[in-house]
Each structure stands twice: as C-alpha cells, then as structure tokens.
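K.L.:
Turn this into a structure:
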Amino acid sequence: MTMKITRNDMILGLFNNIALIAPIILGLIAHNIQLGVFGAFGALVYNYYVPQENKKGLVYFGLMGTIAFVGFFIGLLINIIPWVTPIFICTLGGLTLFINKRWNIIGPGPFFIMMIGSMAGTQAFVSFQRIETVSWYLLIGILSAAASALAAECCLHVFHGTFIPEQSRFNNDSFLDVLMLLSIGYAIAIFLAFYIGKNLQLFNYYWIVVACAAVMKAENSKHAFTRFHQYVIGAAVGCGLSFVLMSLPLNLTTHVVTIVLLNTLIYWQINKNYLVGNFFTTPLALLLFKLLIPQLNNDAIIARLVAVVIGTTLGLLFIFLTEKTLHYVFPHRMTKFSSR
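P.N.:
Numbering: from 1, shown residues only. Okay, here's the model as predicted:
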C-alpha cells in the first residue's frame, strides 16, 4: 500500500516544520534552550491551521492560538494557588470543547490547548517575572506558527492547493443543552486526569491529561475504544524508539534534526494512520525535554508509558459514561446530534 503525498501535504508539512524549528534555532542562537523548547510547544498550535475557503482556516487558527496563549499564561499565574489549577485546566478544556462543537471548528479540538494549558499547570510558581518570561517564549512559538500558517495559505493560493469548501453549518442552537452536558463531562475527565497525575507526582504528569484528551476526541465509545488501543500501542512502540534514540550519542545538530524528522512523520501520518502517527509522538516529546534537561534518563520513558495508560483508560471510561448519560437524558435527540 503506497502513501500518496498531495500538494497540500507537502506545503503544509513544510511550514509545519518551519514553525517548529524557528523558535528552536532562535533559542540556540540566543543560548537560551528554554526559549527553544517552550517556543516549540507554542508552535504546535500550527496544527489548528486547516486550509478553508474565505480564509476561515486562518480565522479559526487565530482564535485557537489566542486561547492557547491565554490558557498558558493564566495556567502559570494560577499556580500561586495550587488547588485552583485543576479547576482552571478542566474549565479551559470544557470551554474549548464547547467552542469547537458550537461553531463546528475543523481541527484537533481541545487537544493542543490541553497540552499547553496542563503543561503550564505543572510548572511550580517561582516569580511573576518568570511567568512573563516563559509566556513570551511560548508566544514566540505561536507567532512562528501564525507566520507559517499565513505563508502556507499564500503558497496554497499560488500553487493551486485544495481548500475545504465553506459548507452550510449545522445549526447547533437546538442542541446547546447537549453541548453543555458534553462539555461538562469532558471537563470532569480532565479535572480527574490532572488531579490523579498531580497526586502520583509522575514526571511531566500533564501527559495523563494529554492522553485523556486524545481518547476523548473520539466521536463515540466505539471510536474511543479504537483510539485507546492505537494510542497505547503507539506509545509502547514510541517508548521503545525513545529508548534507542536516547541511548545514542546525539550531538545538538542531530538532536534537532531528529526532532524535525519526528515532527514531519507525525504531521503526515496522524490523520492518515493514527496508530503509526503515535509511534513518533513519545520520542518527540522526550527529545524536546531532553534538550531542556540533558540528564533525562529512562525513568522518563516509563513515566510516559504509565501516564498514557492511566490517561487513555480514564478518557475511555468517561466517553462511555458521557455517551450513556446523553442518551439517557436526551433519548430522542441524540441520533440527530450524533449525525451532525
């Protein structure tokens, strides 16, 4: 079976890598690896850019990029009162899901918002100056993603790329109560994921939130079960690949090149073959943090796998419970809502 790479794939993949590598290179030039790593996380919002007619893709990208930055900044700030952090993270997740569902925004939904927001929630409060500095680092990455998205939009016009037509939007006005309950269920799952991770004190315990959010992007319990298996198997393979890569004597150049290669494989594969795409997410995450923490060892690989198993299991459970609750509360309306 051959993998067909379209003109859109090449253009979008190219600028996805430019968005990621720009803050990393800037950080290396400035001898500030934190700028590079946090900037790289900010650049992940490029994934919210989906080419659509009438520049709708850029509009929605701008909206989600703004939410990501605000969520990250408040997530850092609110760590002054640690017990409030999981409440904020779950509220951010529920609101982001509601916005995406309400306006039928095409893209990864709350996933990257949860990644960025929950990562902020795991950072210990040091000072307001530290919050300002790290927020600027993330913003540089988001601006890199914005510039790349704008450049990709222009290139797609010049080289006659494909834009998703502006379809008649499904009228969700009569389903606002359904959306509210769906968003509340999502928020509760995110709260528990963050709370469990915080109490287990795993390394980068926000990975539990990320894994939970990945499964909860599923449309129903059957789809969630498939994503559960694919994410866990993908993480297990990724942990093996991470062990190999972290055992190699990579210099700074080969380290960055490997990160770019992994990012390319994820971007091209994740929507075509979710299982294969997830082979590369774990090594990408670990190599990014190894830039920040050179002494990172195999304990981080184990922590990643444990976080994935806990998070995906929690996400699968809540998808099932939310689906059953919605069908019980709205028995005659869920069929139409599910077909939107």
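K.L.:
all contacts plus neighbour counts: C-alpha atoms, from now on.
P.N.:
Will do.
K.L.:
check which helix or strand covers the most centrally placed residue in the chain.
P.N.:
Taking C-alpha atoms, centre = their mean as the criterion, Phe112 is the residue nearest the geometric centre of the chain, at 2.4 Å. Taking DSSP states H and E as the definition, Phe112 sits inside helix 111-121.
K.L.:
Next: Ala303.
P.N.:
helix 298-329.
K.L.:
now the angle between helix 111-121 and the helix or strand encompassing Gly42, please.
P.N.:
Element membership of Gly42 [criterion: DSSP H and E] is helix 33-43. Computed with axes from the mean of the first three to the mean of the last three C-alpha atoms, to 10 degrees, the direction of helix 33-43 lies at 150 degrees from that of helix 111-121.
K.L.:
Helices of the protein, start to end?
P.N.:
Here the chain has its helices, by DSSP state H, at 7-29, 33-43, 56-77, 85-102, 111-121, 128-158, 176-200, 206-215, 221-247, 252-269, 274-277, 281-292, 298-329, 334-338.
K.L.:
between the fourth one and helix 111-121, how big is the angle?
P.N.:
In terms of direction (the same axes, to 10 degrees), helix 85-102 departs from helix 111-121 by 170 degrees.
K.L.:
when you give positions from now on, start the count at 659
P.N.:
New numbering, starting at 659: the last item is helix 743-760.
K.L.:
which stretches of the chain aren't confidently modelled?
P.N.:
Low-confidence segments of the chain, defined by pLDDT under 70, are located at 659-662, 824-832, 990-998.
K.L.:
ok, back up a step: can you tell me which of the helices of the chain is most buried?
P.N.:
For the helices of the chain, average neighbour numbers computed from mean count of other C-alpha atoms under 10 Å are highest in helix 864-873, which has a mean of 30.
K.L.:
Counting by contacts, list what that one packs against.
P.N.:
For helix 864-873, the contact count by 3 or more C-alpha pairs under 8 Å, 6 or more residues apart in numbering; DSSP states H and E identifies helix 769-779, helix 834-858, helix 879-905, helix 956-987 as packing neighbours.
K.L.:
contacting residues around it?
P.N.:
Residues from elsewhere that reach helix 864-873, judged by C-alpha atoms under 8 Å, 6 or more residues apart in numbering: 768-769, 772-773, 776-777, 779-780, 847-848, 851-852, 855, 882, 885-886, 889, 962, 965-974.
K.L.:
Same check on stretch 691-708?
P.N.:
The set of residues external to stretch 691-708 that reach it, using C-alpha under 8 Å, 6+ apart, is 674, 677-679, 681-686, 715-716, 718-719, 722-723, 726, 764-766, 770, 774, 792, 795-804, 806-807, 946-947, 949-950.
K.L.:
The same query, at a cut-off of 7 Å, please.
P.N.:
For stretch 691-708, the external contacting residues (C-alpha atoms under 7 Å, 6 or more residues apart in numbering) are 674, 677-678, 681-686, 715-716, 719, 722-723, 765-766, 770, 795-800, 802-804, 807, 946, 950.
K.L.:
how much space between Asn681 and Phe861?
P.N.:
I think there's a mix-up here, since residue 681 is Pro and not Asn. Using C-alpha to C-alpha, to the nearest Å, one obtains 24 Å as the distance from Pro681 to Phe861.
K.L.:
Throw the helices and strands packed on helix 864-873 into a markdown table and include distance to Val915, thanks.
P.N.:
A markdown table is the format used below for these (distance: least, C-alpha to C-alpha, whole Å):
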| stretch | distance to Val915 |
| --- | --- |
| helix 769-779 | 23 |
| helix 834-858 | 31 |
| helix 879-905 | 12 |
| helix 956-987 | 21 |
